[in-house]
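Trainee: coordinates only, no sequence provided:
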Ligand code: DSN
């Protein structure tokens, strides 16, 4: 068959885009070559509905070993006892988790999307807000920190079956014991969706949710630096404390209920090529090299936040504990949309983001979210953060000047040339 040059030329273009640009989208990263190789392997051809040793298809002896390796490695990374590595994404992981433990119409309590939460934590445009009854807590206006009093009050008043913590645009650590305390008081489950800071949690740079939350979900492609995908984890088997039943009315272990909710509950055949790539990435997580990397992520984020503050940018909560920061641009009189679009022209990529108590629509927003996982993978260190902030500031302070944009784009290209990306790829 003839090579599809149309598609492969586009892939080449994307590689060039990734090489030239300063990638600051907080949820993105660059995997290792071996992670991409595993994803592009013959494992994509295999059907393997079921779980290792219990499949609905023959010929699964190899993929069984691959999937078991992924399970064993991620359990080792987080020192937990249960892992399901089949969810195709973080959203799928959350969907399966909710299917396992909730009934339609049950109440859930999550961080408001406009305050840094996530679509799958109860947004009305998502399954989680449509099939369950969502309630939200927020952050405090003066500090930008999670409003735990509000969380406790909503929990006591509404008595949700599930409290969700974890966020997409929150730069601080989370008080898991405090959330578990109120959950125990009202008889609710606690889910931590650690998709964003998972890599920092893996190496002890942030508090661990595992001792306090019944369930932990994550994507695998953000700070974990693996392929796109999701996982569901549990520290212990939490012996089904509320006596939940399967469809046949039998009380089962939580691990069984979760497995059944992923397959056949919400997914069909697992993506074994992606699971192989997860296994590779989870092996990398166990390495000292990853420890050095993720420590640098945290140092870079703090150096970048400091550089922004010195230029009078308003960071929500004043700084960061993790890999990202949320910046309110209202004092600079620029919208998030305008900032994102203009920076894009100079090959600085980030996303507009609502800030807490935003007066603008989600399509415009007053802020930007900035993250350092990807540029840290490129090899950047603290002093490079100052350079990146200077380039962003140059554009934002002269936002309608095409000459400035063109000059910065050239500077960006020169700068990123010093941090090669996938030099072994053509
Ligand atoms: N879209 C992801 C993010 O950017 O944070 C969350 O799913």
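Mentor: Noted; the coordinates are in hand. Keep in mind that what you see is a predicted model, and the values were worked out from it rather than measured.

Trainee: what ranges does the stretch 301-426 of the chain have for its helices?
Mentor: All helices of the stretch 301-426 of the chain, identified by DSSP state H, counting those that start in this stretch, fall at 336-345, 373-377, 382-396, 402-417.

Trainee: residue of the protein closest to the ligand, please.
Mentor: Closest to the ligand within the chain is residue 27: 3.3 Å, counting by C-beta to the nearest ligand atom. C-beta: built from backbone N, CA, C; applies to glycine.

Trainee: the closest residue to that residue other than its chain neighbours in helix, strand or coil?
Mentor: Sequence neighbours aside, residue 222 is the residue nearest to residue 27 in space, at 5.0 Å (criterion: C-beta to C-beta, 6 or more residues apart in numbering). Following DSSP: H, G, I helix; E, B strand; the rest coil, residue 222 is assigned to coil.

Trainee: show me what from this structure comes close to the ligand.
Mentor: Proximity of the chain to the ligand is confined to 27, 90, 118, 168 under the rule C-beta under 6 Å from any ligand atom.

Trainee: for residue 109, state which of the residues you listed is nearest.
Mentor: residue 118 (13.5 Å; C-beta to C-beta).

Trainee: just to revisit the earlier point, what's the neighbour count on the residue of the chain closest to the ligand?
Mentor: The local packing of residue 27 (other C-beta atoms under 10 Å) involves 20 other residues.

Trainee: doesn't it fall inside a helix?
Mentor: No: under three-state DSSP, residue 27 sits outside any helix and is assigned coil.

Trainee: test my guess that it contacts residue 168.
Mentor: Yes: between residue 27 and residue 168 there is a contact under C-beta atoms under 8 Å: 7.3 Å.

Trainee: need the residues touching each of the two.
Mentor: Overlap of the contact sets of residue 27 and residue 168 (by C-beta atoms under 8 Å, 6 or more residues apart in numbering) consists of 195-196.

Trainee: in the lowest-mean-pLDDT helix or strand in the chain, what's buried?
Mentor: The least trusted helix or strand in the chain, going by mean pLDDT, DSSP states H and E, turns out to be helix 254-260, with a mean of 95. The neighbour-count check on helix 254-260 (16 or more other C-beta atoms under 10 Å) flags 254-255, 257-260 as buried.

Trainee: now swap in stretch 52-72 and tell me
Mentor: Quick answer for stretch 52-72 (16+ other C-beta under 10 Å): 52, 55, 60, 63-64, 66-71.

Trainee: and it, how far from the chain's centre?
Mentor: Offset of stretch 52-72 from its chain centre (C-alpha atoms, centre = their mean, to the nearest Å): 26 Å.

Trainee: quick one: mean pLDDT for it?
Mentor: Here stretch 52-72 scores 98 as its mean pLDDT.
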